[in-house]
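S.K.: Let's see this in three dimensions:
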Amino acid sequence: MAKNTGLEECLTVGLDVFLDAQPGKNNSPRFPGRIRGGGVEKYILLGVNRGARAPSTRRGEKCVVRFMYEGEVWGFTAAFGEPAAPSEFPLIQIHWPREVARIQVRKHERVPIQIPCTLHLEDDSTEACTICDISGGGCSLIASCDIAVSATVHLSFRMPDGGQVSRRPIIIRNRRSDPSGANCYGCQFQEEKEEDRGIELFVARKKAMDRGEAAPHPQLLVLSRNDEDVQIAQQALSESPYQAVAATGILDLGYRLHTCNAVGILICDEQKELSAIEIFPLIQQSQGMEEIPLFLYGGGAGMHDQAMSMGASMCLEHLSNAQDIFPHLPEIESPPTPDEAPDDKSAEESLSSEPEDNDASSEESEVAPDMNGEEDGDDVSDDDDDDDDDDDEINLG
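M.R.: Below you'll find the predicted structure:
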């Protein structure tokens, strides 16, 4: 019998999920879908989103389901049930999982980071400062100005993955001085906003990378309806530090942009949900994605002209020429070689949800606020839920 995982509380009808129908396989496609029903501790029914092709399933074969819920990235391995009957909108039956893996990114999960930022003070003046750690619920920052505890100010900064946060209201929860004499503030974000999800996904990806569960090497997303395209791209990139990663649709593309180290996007001329040309402004107008290089492959001269006018960095006649885009990609410092890249299969199948070791935590981390504005001395060691997840092995990236 499945142990109590809390899964029944979050698997509500309509919840957006991603289905990996072939976990462990290199570049396994992720199918965007939604929860359509089920029976608690018996089975789950998934429906693939309109326009996305449904995976082929066999009873008893394993799959992985991932989703975001209330500031946590959830994932579980389960077995397919009876294959779906042919229909325009087939339902996929999955047996109820025995265990669930979670990465907390709100109350207990934060990552050390160095981000220059701007404080907008109550008298309308501004102050340059530095964020030294961040979570979905708050951050710690170092500033030379004096701010009273409980004061509300505003913060602007750009995340390392490009996500822009503008004049975000924060409340000062605690304050101390570091050895250099600068003020260290523990801050809590106010007014939940859409940008929180981007921060949370960044934190989850960074945590996975720190644990060795995600590849740090740069990745090129391949947005295509053809499963073979990512293999063609990877072959063209075989002598480079880049890895080709499949994006099966617009929703999957958005998820991967926030959860992998993407440095560019290769867009096939043939798309299902939107035309390739319509996709260009959609990406460019997304928060934090304005600067990512976009490339069109396939199509004729007329489509290439349209793509270049819409901001494409380059157009390719065929994906086998993907190496031609290298001059348009950002420079990489000390890139890993292909031989150093971690085994994709082991990364796909493993996610340790053990709480991290905090013995080496610095004094500064002890004053960073959690979502409740409390000091961080008990922040990770109090996470009782992790005891149930120690044996879960699911990669949430």
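S.K.: avg pLDDT for the helix or strand harbouring residue 187?
M.R.: Of the helices and strands defined by DSSP states H and E, residue 187 is found in strand 183-189. On average, the pLDDT along strand 183-189 is 91.
S.K.: Are there helices or strands packed against it, and which ones?
M.R.: Here strand 183-189 touches strand 138-143, strand 164-177, going by 3 or more CB pairs under 8 Å, 6 or more residues apart in numbering; DSSP states H and E. C-betas here are computed from N, CA, C, even on glycine.
S.K.: Of all those, which one comes closest to residue 130?
M.R.: Ranking the helices and strands packed on strand 183-189 by proximity to residue 130 (CB to CB) places strand 138-143 first, at 5.0 Å.
S.K.: contacting residues around stretch 297-315?
M.R.: 264, 266-270, 276-277, 280-281, 284, 293-296, 316-319, 321-322, 324-325, 328 (CB atoms under 8 Å, 6 or more residues apart in numbering).
S.K.: Of the helices and strands packed on strand 183-189, which stretch is the most buried?
M.R.: Compared across the helices and strands packed on strand 183-189, strand 138-143 shows the largest average neighbour count, a mean of 23 (mean count of other CB atoms under 10 Å).
S.K.: The helix or strand just after that strand versus strand 138-143: what angle between them?
M.R.: Scanning forward in sequence from strand 138-143 by DSSP H and E, the next helix or strand is strand 152-158. Interaxial angle, strand 152-158 versus strand 138-143 (axes from the mean of the first three to the mean of the last three CA atoms, to 10 degrees): 90 degrees.
S.K.: what are the ranges of the helices in this protein?
M.R.: 7-10, 195-210, 229-236, 250-259, 276-284, 301-309, 344-349 (DSSP state H).
S.K.: list the buried ones in the shortest one?
M.R.: Going back to what we said before, that points to helix 7-10. 7, 10 (16 or more other CB atoms under 10 Å).
S.K.: Does that helix pack against any helices or strands, and if so which?
M.R.: Packed next to helix 7-10, using 3+ CB pairs under 8 Å, 6+ apart, are strand 72-79.
S.K.: Each with direction, which strands does the strand it packs on pair with?
M.R.: Each strand paired with strand 72-79, and its direction, by DSSP bridges: strand 62-69 (antiparallel), strand 101-104 (antiparallel).
S.K.: how distant is the longest one from the center of its chain?
M.R.: Offset of strand 62-69 from its chain centre (CA atoms, centre = their mean, to the nearest Å): 13 Å.
S.K.: Number of residues surrounding residue 192?
M.R.: 11 (other CB atoms under 10 Å).
S.K.: next one: residue 115
M.R.: 17.
S.K.: And residue 268, by the same measure?
M.R.: 18.
S.K.: Now do it against residue 223, distance only.
M.R.: Distance of residue 268 to residue 223, computed by CB to CB, to the nearest Å: 6 Å.
S.K.: got it, and residue 247?
M.R.: Distance from residue 247 to residue 223, by CB to CB: 5 Å.
S.K.: Now for the two: what residues contact both?
M.R.: Common neighbours of residue 247 and residue 223 (CB under 8 Å, 6+ apart) are 253, 265.
S.K.: Between strand 164-177 and the strand holding residue 187, find me the angle.
M.R.: Using the same axes, to 10 degrees: strand 183-189 against strand 164-177 is 130 degrees.
S.K.: partners of strand 183-189 in the sheet?
M.R.: Sheet pairing of strand 183-189 (DSSP bridges) gives strand 138-143 (antiparallel), strand 164-177 (antiparallel).
S.K.: and the helices and strands packed on strand 183-189 as CSV, adding mean pLDDT?
M.R.: Conversion of the helices and strands packed on strand 183-189 to CSV gives the following (pLDDT from 0 to 100):
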stretch, mean pLDDT
strand 138-143, 92
strand 164-177, 89
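S.K.: closest one to residue 199 among these?
M.R.: Here strand 164-177 is closest among the helices and strands packed on strand 183-189 (CB to CB), at 7.7 Å.
S.K.: Now do the closest one: distance to the chain's middle.
M.R.: That offset, for strand 164-177, works out to 23 Å (CA atoms, centre = their mean).
S.K.: C-alpha coordinates for it, CSV please?
M.R.: Once non-C-alpha atoms are left out, strand 164-177 reads as follows in CSV (Å, rounded to 0.1, in the frame of the first residue of the first chain):
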residue,chain,number,x,y,z
GLN,A,164,13.7,40.6,-14.3
VAL,A,165,12.2,41.7,-10.9
SER,A,166,11.2,45.3,-10.8
ARG,A,167,10.4,47.3,-7.6
ARG,A,168,9.4,44.2,-5.6
PRO,A,169,7.9,45.1,-2.2
ILE,A,170,10.0,43.5,0.6
ILE,A,171,9.8,43.8,4.4
ILE,A,172,12.9,43.9,6.5
ARG,A,173,12.7,41.0,9.0
ASN,A,174,16.1,41.1,10.7
ARG,A,175,19.5,42.9,10.5
ARG,A,176,23.1,42.4,11.6
SER,A,177,26.5,43.7,10.7
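S.K.: how many degrees apart are the strand holding residue 187 and helix 195-210 in direction?
M.R.: Using the same axes, to 10 degrees: strand 183-189 against helix 195-210 is 120 degrees.
S.K.: Extract the CA atoms of strand 183-189 and return them as PDB.
M.R.: Provided in PDB are the C-alpha atoms of strand 183-189 (Å, rounded to 0.1, in the frame of the first residue of the first chain):
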ATOM      1  CA  ASN A 183      24.600  45.800   7.100                       C
ATOM      2  CA  CYS A 184      23.100  42.300   6.400                       C
ATOM      3  CA  TYR A 185      19.300  42.300   6.000                       C
ATOM      4  CA  GLY A 186      16.900  39.400   6.000                       C
ATOM      5  CA  CYS A 187      14.000  40.200   3.700                       C
ATOM      6  CA  GLN A 188      10.700  38.700   3.000                       C
ATOM      7  CA  PHE A 189       8.900  39.200  -0.400                       C
END
